[in-house]
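**Student:** I would like the atomic coordinates for the input below:
(one chain, ligands or ions: 1)
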Amino acid sequence: MKTSTNPEYPWHETSWDKFTTARSQDHLPHALLLVGADGTGKLDFAKKIATSLLCTAPVNNKACQNCQSCKTYHANANPDFMQIELLEDKQQISVDQIRQLSEFINYTRSFQGYRVIMINPIERMNQNAANSLLKSLEEPADNTVIILVATNLGKILPTIKSRCQLLTLTTPEKNQALSWLKSQSPELTQAEELLDMANGQPLTALAISDEEIQSKEEFGNQLLASCLKQKPITEVAKNWEKFDPQTLLNWQIRWLQTLIKSRVTSTQKSEINQGYNSEILSKLERIIPDQKQWDLYQQLIAQKQYIHTSVNSLIFVENMLLLWLQASSTNES
Ligand SMILES: [Zn+2]
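**Tutor:** Numbers count the residues shown, from 1 in each chain. Reported below is the predicted structural model:
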């Protein structure tokens, strides 16, 4: 079976270099405190370090994915690796979980790599657990690295902080995050807005985008159904009245822009619109006659002014759907 590697992010390169330099100079700490914002992949980075340390034959400091240690890791069965995290329904990491760590450190290693313990999130330990962890940090075991993962450095006890080597993960710059987002999701049409919504955290933005792409497809299909009179406008409008009206309007305007532009310039639709959904667009193209597309486009643009003034979002959505129905060829029969 081929094992997969952990995802890697370009904004972590500097931090990774710091880690590999420390390792090559034999300055590997017994405890590494990794701090980074949510939604930027810090857990993936922690796992990249963990696998690199567990591996018995790392290539360029990265896990080889082929040795026994790597294989057992990917099967969730590496005896030299321990992960401590919040248990289901628990708000804090307990002292019992940390005690298991001190037992684990005393076992003989199974492979020739390091023994690795990963604790996340470190700021969610209760006092007893923190005290117990301190003991392990004060008496480091050979060939053992404890990786502590945190979001908020300010919430970590100074006694713990002082016994770890701190590695701060940078948050990606906007352009870097944007180009990464687009590489992950070529369907994406509003990467910048998504990134803003996600406070600049690209992984969070990606999760939102998956949802958005799904919603957009669903809306397209229901819009078609109402144009084809398979579904009453009132019913479709009811489904979307709670949805952000700006987003709904943007999708429709973009669809029409794509249709008009591809006809006028004889360009492939997919070249104009990266979020192009071939099925929906070709169906819309068939039911909205060429000569009506421009008018409909203008009418939808005009709707923008009502987004914030419309008192009733249900009526706002109904009006948009009605414009499509009036423009569609099915309306004439
Ligand atoms: Zn390996």
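
**Student:** would residue 246 count as being in a helix?
**Tutor:** Yes: Residue 246: assigned to a helix according to DSSP: H, G, I helix; E, B strand; the rest coil.

**Student:** what's the burial count for it?
**Tutor:** As a burial measure, residue 246 scores 12 neighbours (other Cβ atoms under 10 Å). Yep, even glycine has a C-beta here, placed from its N, CA and C like the rest.

**Student:** Could I get the full set of helices for the stretch 201-333 of the chain?
**Tutor:** 202-227, 233-240, 245-265, 269-272, 278-287, 290-303, 313-327 (DSSP state H, counting those that start in this stretch).

**Student:** would you list those helices in TSV and tack on distance to residue 183?
**Tutor:** Shown next, in TSV, are the helices of the stretch 201-333 of the chain (distance: least, Cβ to Cβ, whole Å):
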stretch	distance to residue 183
helix 202-227	10
helix 233-240	30
helix 245-265	21
helix 269-272	17
helix 278-287	21
helix 290-303	31
helix 313-327	33
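
**Student:** Of those helices, give the one that comes closest to the ion.
**Tutor:** Closest approach to the ion among those (Cβ to the ion): helix 202-227, 25.8 Å.

**Student:** Worst mean pLDDT among the helices of the stretch 201-333 of the chain?
**Tutor:** In terms of average pLDDT, helix 269-272 trails the rest of the helices of the stretch 201-333 of the chain, at a mean of 62.

**Student:** Would you state the strands of the stretch 101-250 of the chain in chain order?
**Tutor:** All strands of the stretch 101-250 of the chain, identified by DSSP state E, counting those that start in this stretch, fall at 115-120, 144-150, 165-168.

**Student:** which bits of the protein sit near the ion?
**Tutor:** Within the chain, the positions near the ion by Cβ under 5 Å from the ion are 55, 63-64, 67, 70.

**Student:** quick one: buried residues of stretch 196-206?
**Tutor:** For stretch 196-206, the neighbour count (16 or more other Cβ atoms under 10 Å) marks 198, 200-206 as buried.

**Student:** So for residue 88, which of the strands of the stretch 101-250 of the chain sits nearest?
**Tutor:** With Cβ to Cβ as the measure, strand 115-120 is the member of the strands of the stretch 101-250 of the chain nearest residue 88 (14.8 Å).

**Student:** Sweet, I'm off.
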